[in-house]
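1. coordinates for the following, if possible.
(one chain, ligands or ions: 2)
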Amino acid sequence: MGKEIRERFHNKSKTMLDLKKVRAKEIEDQSSALNYFNPTKDLANKLHPVYVFTKIASIVEETPDIRTYRLVPDFSKGTKDVPTFRAGQAISIFAEIDGSTITRPYTLSSSPIDALQQHYWEVTIKKDNNGFFTPWLWENWKVGTEVKSSSPFGFLYHDYIRDTNEIVAIVGGSGVSVARTLARDIIQNDLPYNCTVLYGARTQADLAFKDEFDKYDKESGGKVKVTYVLSDEGSKDWSGETGFINADIISKAGDPAKKTYFLCGPKAMYDFLAGEFEKLGVPKFRVRQEAVGSVDITKYEEFPKDQIGKVYKLTVTCGNAHVDIEAKADESMMTALERNGIAIPARCRGGECGFCNSLLVKGDVFYRPDAEYRRIGDLRFNHIHPCVTYPLSDAEIEIQLVQE
Ligand SMILES: Cc1cc2nc3c(=O)[nH]c(=O)nc-3n(C[C@H](O)[C@H](O)[C@H](O)COP(=O)(O)OP(=O)(O)OC[C@H]3O[C@@H](n4cnc5c(N)ncnc54)[C@H](O)[C@@H]3O)c2cc1C
Ligand code: FES
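-> Ligands and ions are numbered 1, 2, ... in the order given. Predicted structure coming up:
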């Protein structure tokens, strides 16, 4: 018994009988929950809360179809601060749209120091007119809108053991978030590695953060260099690189043997660059790329074309509960679940993180060939990642629901 507790009992009791009564009363008054401060648990909850509740503090129009949203903690929902992260990590945003419960991952375009010292995150989002979430977001996200997300996750960050100290961030479209956070992190922390950004866009008007990148390029003493590569700009007021980022442009960034390449952009960019890296003799372990979340599966050569437009019965089991839903062959099982308001844990939506891991009880499926990250045990026991699995017959899966 600690000194403080001993004194508390003794002050209230003169005899042994008193002490027994006081003790019994103290025990009765305690709740059944353990009521002590656990610093390890407290830190884990601060760094990795299941949900982070924020509000939009500001919105910046970076280009006609790219916006940066600043998110600050929503105290009213219990989030006291935004967790810090490694530059290059993403959060998964949750939304309810017309009965669908969906998630979408977004790289944090602000820096870890912005989170630690200024208490905000930023996400930089490109509108996809044919998409589902972003057109809705354009209409609905205003200053003050409440946003629910996961804590940061993902592996596309610089690691001193794994990566060289010269990184080349090759980014296109919305992938600019990765270049911005890496550059900002290096500058704000004066980190002992440098970054060359090769930023591909269609025209000058499509370049986000150009002023910020130009400033780093000019003032960082070579720690951050930026080259813009414009595919549609042949005009006389553009004297920079044109076309696509290719082996020639990559080699101008310096000796490939000394570099680690970070790629973030559309799938077509990854497919094209794979050939360019081969020409340069860059080994695969020196090329790190962001997961590809959203794809049109019908464009995959391996996808059986006679399945396009087919709809199957998907039996979804969770514990003792079963429900039958309709699932299109050319949409992932995760999308089928979301359309029916069934939320399963998800982060990357590209097969990589394993959060959505589920059991395929029966049925034929198409598994996205470029998203095969399952462990041997998962393969052996028929586990799938529904975000990259497409039904090719009636099927049954066993899922876990998200934690509320
Ligand atoms: C790790 C990672 C980081 C990313 N970072 C960024 C970033 O920083 N900035 C950025 O702009 N993008 C980023 N992305 C891409 C982003 O997550 C989205 O894919 C992108 O914003 C497009 O979303 P969208 O819903 O508009 O389009 P899509 O995801 O292409 O929307 C179409 C999808 O919605 C489904 N759908 C259609 N109707 C419904 C319905 N009723 N219910 C449910 N689903 C339906 C369709 O089947 C289709 O699969 C990142 C992706 C990954 C994997
Ligand atoms: S959400 Fe990451 S593997 Fe499915």
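2. C-alpha only now, for contacts and for neighbours.
-> Noted.
3. so which bits of the protein are right by ligand 2?
-> 346-356, 385, 387 (Cα under 6 Å from any ligand atom).
4. what about the strands in the stretch 1-150 of the chain?
-> Using DSSP state E, counting those that start in this stretch, the strands of the stretch 1-150 of the chain run over residues 52-63, 66-73, 90-97, 100-107, 121-126, 146-149.
5. and the ones you listed, which is most packed in?
-> strand 121-126 (a mean of 24; mean count of other Cα atoms under 10 Å).
6. give me the angle between it and strand 100-107.
-> Orientation check (axes from the mean of the first three to the mean of the last three Cα atoms, to 10 degrees): strand 121-126 against strand 100-107 gives 100 degrees.
7. quick one: find the helix or strand in the protein with the lowest mean pLDDT.
-> Least confident helix or strand of the chain, by mean pLDDT, DSSP states H and E, is helix 3-12 with a mean of 54.
8. if we can go back for a sec, can you tell me which of the residues of the chain next to ligand 2 are up against ligand 1?
-> Answer for the residues of the chain next to ligand 2 near ligand 1 (Cα under 6 Å from any ligand atom): 348-350.
9. check the secondary structure at residue 212 for me.
-> helix (DSSP: H, G, I helix; E, B strand; the rest coil).
10. run through the residues of the stretch 1-150 of the chain sitting next to ligand 1.
-> Checking the stretch 1-150 of the chain against ligand 1 by Cα under 6 Å from any ligand atom, the hits are 90, 100, 104-107, 124-126, 128, 131-134.
11. coming back round to it: can I get the strands of the stretch 1-150 of the chain in a markdown table including mean pLDDT and distance to residue 115?
-> Formatted as a markdown table, the strands of the stretch 1-150 of the chain follow (pLDDT from 0 to 100; distance: least, Cα to Cα, whole Å):
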| stretch | mean pLDDT | distance to residue 115 |
| --- | --- | --- |
| strand 52-63 | 98 | 12 |
| strand 66-73 | 98 | 9 |
| strand 90-97 | 96 | 13 |
| strand 100-107 | 94 | 14 |
| strand 121-126 | 98 | 6 |
| strand 146-149 | 97 | 15 |
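12. distance to residue 300 for those - can I get that in CSV?
-> Output for the strands of the stretch 1-150 of the chain, formatted as CSV (distance: least, Cα to Cα, whole Å):
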stretch, distance to residue 300
strand 52-63, 31
strand 66-73, 28
strand 90-97, 26
strand 100-107, 22
strand 121-126, 24
strand 146-149, 31
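13. dump the residue contacts of residue 272.
-> Going by Cα atoms under 8 Å, 6 or more residues apart in numbering, residue 272 touches no other residue.
14. try residue 374
-> With Cα under 8 Å, 6+ apart, residue 374 has these contacts: 351-352, 354, 384-385.
15. list only buried entries from those.
-> Neighbour counting over the contacts of residue 374 (16 or more other Cα atoms under 10 Å) leaves 351-352, 354, 384-385 as the buried ones.
16. just flag the most distant two among those residues.
-> 352 and 384 (11.3 Å; Cα to Cα).
17. relative to residue 348, how far out is residue 65?
-> 22 Å (Cα to Cα, to the nearest Å).
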